[in-house]
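S.K.: Following is a predicted model, sequence given first.
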Protein chains: 2
Amino acid sequence: MLLCDIGNTSYHFLKEELHFKESVTQFDPVTIKEQVFYICVNPKIKNVLKDLPNWIDLCEYLDMAKYYETMGVDRIVASEAVEDGIIIDAGSAVTVDIVKKSVFEGGFIYPGIKAMNQTYKNISSALDYSFNFECDLDIMPKNSQDAISYGYLKTLYSEVMSHNMDIILTGGDAKEFAKIFPDAKIDESLIFKGMKKIMKKADLC
Amino acid sequence: MLLCDIGNTSYHFLKEELHFKESVTQFDPVTIKEQVFYICVNPKIKNVLKDLPNWIDLCEYLDMAKYYETMGVDRIVASEAVEDGIIIDAGSAVTVDIVKKSVFEGGFIYPGIKAMNQTYKNISSALDYSFNFECDLDIMPKNSQDAISYGYLKTLYSEVMSHNMDIILTGGDAKEFAKIFPDAKIDESLIFKGMKKIMKKADLC
């Protein structure tokens, strides 16, 4: 049995304790013959998978009354894995969700590193820098690279910290963001924990 | 005599009390015969203007020791106009600069409305919404439009408010941002005030 979390850029698999990733553009899901329990935010791939009987979509087993209709299934599943905390899932987008006493309290969406880098570059070639995650966020910047790094990171930091909750970091860029949230707990298996919880509730494992 | 603030999208003129704008792609600066004192962040246009003797670049009259080398001249000039406050200049980019006792303390750069809208859209077609400036920033969102609006606006708000200073709003989108900074002072002539101050110091008027 496999678990799989499908995003906009990759298939993220879990087989027992082993994590591995495949590219959304190159991987063919037909090549997998065993049973796969998955969640998928990518509409094109979702459409392909619905015809493969060994790929089982966990979105059918969610208690949607606790969430909102257009909310990404990855955010829902991560929220299911947490009792109390603010979850930062740093991927193509950075989603920030609050859970209190196992109840989803709402959340917001912020651009991921790559998307935001492109944004600054598109505004002006003078802003074409990579982000400096070592930038001192206690000091107002006096150079261009730190001015965009602070603009991207400190704004997010100020908002997240204002909630005064335990922070759980997950997603492909969790380690980068851990540099600005040093007290956060990194949990790269958060989505898989949520998936297992949903499968247990639904008697699927 | 004319004053002109040239950005990435438009020429913003001041003639006595009258403001008017011309598009960067369509306006030909040669058509103006009178003396124009200008600042320009657009390298292509800067290159054209240097050959026009009636267009006088104010960047040569700035005290650059107070700022940093790659800082946009529009930010410098706006900072010159303020004694104490946090300046939000909302255009293609949103620049946020702090001035205390007429000394520039640093600043950061955040994407403007159009650029950030495009960013969310590029991440996923599911995030292709315009921003809701009426969104209640005291409540964690439970719908997609508010989730990106909060992500764009509340993060900026939390950071700006953490400085606990008077807020001065300027730039083409000042009125939109005034909805989330209701106590801010809108000053659409801030750059021109800074330009006049520099001209006075340099005995140009």
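M.R.: Everything's here; your move.
S.K.: Wasn't A:Met199 part of a strand?
M.R.: No: assigned with DSSP: H, G, I helix; E, B strand; the rest coil, A:Met199 falls outside any strand and is helix.
S.K.: my read: it touches A:Phe37, true?
M.R.: Yes: judged on Cβ atoms under 8 Å, A:Met199 makes contact with A:Phe37 at a distance of 6.2 Å. Using the backbone N, CA and C atoms, a C-beta is placed for each residue, glycine as well.
S.K.: in chain A, which spans are helices?
M.R.: A:43-49, A:73-80, A:113-123, A:144-161, A:174-178, A:190-201 (DSSP state H).
S.K.: Distance from stretch A:69-81 to the middle of the chain?
M.R.: Put simply, stretch A:69-81 sits 10 Å off its chain's centre (Cα atoms, centre = their mean, to the nearest Å).
S.K.: C-alpha coordinates for it, PDB please?
M.R.: The C-alpha trace of stretch A:69-81 is given here as PDB (Å, rounded to 0.1, in the frame of the first residue of the first chain):
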ATOM      1  CA  GLU A  69     -16.000  24.200  -0.400                       C
ATOM      2  CA  THR A  70     -13.000  25.500  -2.500                       C
ATOM      3  CA  MET A  71     -10.400  24.800   0.100                       C
ATOM      4  CA  GLY A  72      -7.400  22.700  -1.200                       C
ATOM      5  CA  VAL A  73      -7.600  19.100   0.000                       C
ATOM      6  CA  ASP A  74      -4.000  19.200   1.100                       C
ATOM      7  CA  ARG A  75      -4.800  22.000   3.600                       C
ATOM      8  CA  ILE A  76      -7.800  20.000   4.900                       C
ATOM      9  CA  VAL A  77      -5.800  16.900   5.400                       C
ATOM     10  CA  ALA A  78      -2.900  18.800   7.100                       C
ATOM     11  CA  SER A  79      -5.500  20.400   9.400                       C
ATOM     12  CA  GLU A  80      -6.900  17.000  10.300                       C
ATOM     13  CA  ALA A  81      -3.400  16.000  11.600                       C
END
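S.K.: tell me the mean pLDDT over that stretch?
M.R.: On average, the pLDDT along stretch A:69-81 is 95.
S.K.: Show me the contact partners of that stretch.
M.R.: Here stretch A:69-81 makes contact (Cβ atoms under 8 Å, 6 or more residues apart in numbering or on different chains) with A:5, A:7, A:39-41, A:58-59, A:62, A:64, A:67, A:87, A:89, A:95, A:97, A:99, A:104, A:107, A:170, A:190-191, A:193-195, A:197-198, B:126, B:142-144.
S.K.: Mind listing the residues bridging to the residue most central in space within chain A?
M.R.: With distances taken as Cα atoms, centre = their mean, the residue of chain A nearest its centroid is A:Asp89 (3.2 Å). Applying DSSP bridges to A:Asp89 gives these bridge partners: A:Thr95, A:Thr170.
S.K.: surely it meets A:Gly172?
M.R.: No: the pair A:Asp89 / A:Gly172 is not scored as a contact, 9.3 Å apart, by Cβ under 8 Å.
S.K.: contacting residues for A:Leu127?
M.R.: Residues counted as contacts of A:Leu127 (Cβ under 8 Å, 6+ apart) are A:Tyr120, A:Lys121, A:Ser144, A:Ile148, B:Ala93, B:Ile109.
S.K.: repeat that for 7 Å
M.R.: By Cβ atoms under 7 Å, 6 or more residues apart in numbering or on different chains, A:Leu127 lies in contact with A:Tyr120, A:Lys121, A:Ser144, A:Ile148, B:Ile109.
S.K.: Just the local confidence number for the spatially closest residue to the second one that is not a sequence neighbour, please.
M.R.: This points to A:Lys121. Nearest residue to A:Lys121 in three dimensions, chain neighbours excluded: A:Asp128, at 4.4 Å (Cβ to Cβ, 6 or more residues apart in numbering or on different chains). At A:Asp128, the model reports a pLDDT of 96.
S.K.: do the same with A:Lys15
M.R.: You'll see A:Lys15 listed with a pLDDT of 95.
S.K.: Neighbours of it, how many?
M.R.: Residues lying near A:Lys15 (other Cβ atoms under 10 Å in any protein chain shown) number 13.
S.K.: just to revisit the earlier point, now the contacts of A:Leu127: which count as buried?
M.R.: Neighbour counting by 16 or more other Cβ atoms under 10 Å in any protein chain shown classes A:Tyr120, A:Ser144, A:Ile148, B:Ile109 among the contacts of A:Leu127 as buried.
S.K.: mind giving me JSON lines with those and columns for distance to A:Ile76 and pLDDT?
M.R.: Converted to JSON lines, the buried ones among the contacts of A:Leu127 look like this (distance: Cβ to Cβ, whole Å; pLDDT from 0 to 100):
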{"residue": "A:Tyr120", "distance to A:Ile76": "31", "pLDDT": "97"}
{"residue": "A:Ser144", "distance to A:Ile76": "39", "pLDDT": "96"}
{"residue": "A:Ile148", "distance to A:Ile76": "32", "pLDDT": "98"}
{"residue": "B:Ile109", "distance to A:Ile76": "34", "pLDDT": "98"}
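S.K.: Output those residues as a markdown table; include the columns distance to B:Gly72.
M.R.: A markdown table is the format used below for the buried ones among the contacts of A:Leu127 (distance: Cβ to Cβ, whole Å):
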| residue | distance to B:Gly72 |
| --- | --- |
| A:Tyr120 | 13 |
| A:Ser144 | 9 |
| A:Ile148 | 12 |
| B:Ile109 | 8 |
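S.K.: Nearest to A:Lys21 among the residues you listed?
M.R.: Set against A:Lys21, the nearest of the buried ones among the contacts of A:Leu127 by Cβ to Cβ is A:Tyr120 (27.0 Å).
S.K.: how about the residue nearest to the centre of chain A, what does it touch?
M.R.: For A:Asp89, the contacting residues are A:Asp74, A:Arg75, A:Ala78, A:Thr95, A:Thr170, A:Gly171, by Cβ under 7 Å, 6+ apart.
S.K.: which of the residues you listed lies closest to B:His19?
M.R.: The nearest member of the contacts of A:Asp89 to B:His19, counting by Cβ to Cβ, is A:Thr95 at 40.9 Å.
S.K.: How about the residues of chain A by chain B?
M.R.: Residues of chain A lying near chain B by Cβ under 7 Å from any Cβ of the partner chain: A:8, A:68, A:70, A:92-93, A:98, A:105-112, A:115-116, A:119-120, A:122-124, A:126-127, A:139-144, A:147-148, A:150-151, A:154-156, A:158-159, A:162.
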